[in-house]
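Student: sequence-free structure coming up:
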Ligand SMILES: Nc1nc2c(ncn2[C@@H]2O[C@H](COP(=O)(O)OP(=O)(O)OP(=O)(O)O)[C@@H](O)[C@H]2O)c(=O)[nH]1
Ligand SMILES: Nc1ncnc2c1ncn2[C@@H]1O[C@H](COP(=O)(O)OP(=O)(O)O)[C@@H](O)[C@H]1O
Ligand SMILES: [Mg+2]
């Protein structure tokens, strides 16, 4: 089996503040990915500017930073053999309007409000994923992940074969 890949998912403020949308997305993440880390934060504008610095100068930069620091966001480190592509596929196109017409069942097509308020973020490459995970989870050890945890998670949970716990077998 291919090695598990990591990606960062950020559920954006309008989705976090909508209980129906939030529980729908949370169930999806639980069913499709290994969720390695989760936390809820409130970004200040400075941090939001730093995270989105690659978009500095674009016409939507200010509204993006204002929006991302307007309420709580949920951060998830997700694991899957195809984590980056799968999560971005589930999100759909950046533009909600495009999503609504081209992929009406994608998350942004279903729950997006506008191109800025487009439900969630997903890392767009392994390099972005590593940078973005380190940005929000500075204590996450990629060394430990690559040399221990990844194999453990990939092979699935360890189960005890009966109530005596005589020995452990991997699934
Ligand atoms: N290329 C380009 N697109 C623009 C520009 N201004 C707005 N848009 C696009 O048109 C969409 C709608 O513009 P707005 O009315 O400002 O956005 P909105 O509907 O208020 O929602 P937000 O995107 O959350 O601000 C934006 O999300 C952009 O995708 C522009 O100057 N250049
Ligand atoms: N044309 C646009 N109008 C408004 N907001 C935009 C636009 N393009 C991008 N954004 C905002 O900037 C975020 C980052 O842009 P980008 O990295 O291009 O998209 P994605 O989040 O799909 O990777 C988007 O999720 C969206 O919130
Ligand atoms: Mg992007």
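Tutor: Everything's here; your move. Because the structure is a prediction, the values reported are computed rather than measured. Residues are numbered from 1 along each chain as shown. Ligands and ions are numbered 1, 2, ... in the order given.

Student: show me what from this protein comes close to ligand 2.
Tutor: Counting by CB under 6 Å from any ligand atom, the chain comes close to ligand 2 at 55, 60, 64, 94, 115, 116, 118, 121, 124. For every residue, glycine as well, the C-beta is placed using N, CA and C.

Student: quick check on these: which are buried?
Tutor: Applying 16 or more other CB atoms under 10 Å to the residues of the chain next to ligand 2, the neighbour count classes 64, 115, 116, 118, 121 as buried.

Student: what lies in contact with stretch 4-12?
Tutor: Applying CB atoms under 8 Å, 6 or more residues apart in numbering, the contact partners of stretch 4-12 are 22, 25, 29, 34, 36, 67-68, 73-84, 87, 117-123, 126, 129-130, 132-133, 136, 145, 150, 153-154.

Student: swap in 6 Å and give it another go.
Tutor: With contact meaning CB atoms under 6 Å, 6 or more residues apart in numbering, stretch 4-12 is reached by 73-79, 83-84, 87, 120-123, 129, 132-133, 150, 153-154.

Student: avg pLDDT for that stretch?
Tutor: Averaged over stretch 4-12, pLDDT sits at 98.

Student: the chain: strands as residue ranges?
Tutor: Under the criterion DSSP state E, the chain carries strands at the ranges 5-11, 34-41, 73-80, 120-122, 158-160, 168-170.

Student: also near ligand 1: which of the residues of the chain next to ligand 2, exactly?
Tutor: Answer for the residues of the chain next to ligand 2 near ligand 1 (CB under 6 Å from any ligand atom): 60, 115, 116.

Student: and residue 76, what pLDDT?
Tutor: Residue 76 is given a pLDDT of 98.

Student: relative to residue 31, how far out is the closest residue to residue 42 other than its chain neighbours?
Tutor: Taking CB to CB, 6 or more residues apart in numbering, and ignoring the residues beside it in sequence, residue 42 has residue 72 as its nearest neighbour in space, at 5.4 Å. Separation of residue 72 from residue 31 (CB to CB, to the nearest Å): 23 Å.

Student: who has more neighbours, these two?
Tutor: Under the neighbour definition other CB atoms under 10 Å, residue 72 and residue 31 were set side by side, and residue 72 has more, 13 against 7.

Student: residues contacting the more buried one?
Tutor: Applying CB under 6 Å, 6+ apart, one finds that residue 72 lies in contact with 16, 40, 42.

Student: how does it look with 10 Å?
Tutor: Residue 72 is in contact with 11, 12, 13, 16, 17, 40, 41, 42, 43, counting by CB atoms under 10 Å, 6 or more residues apart in numbering.

Student: check contacts around residue 53.
Tutor: 61, 65.
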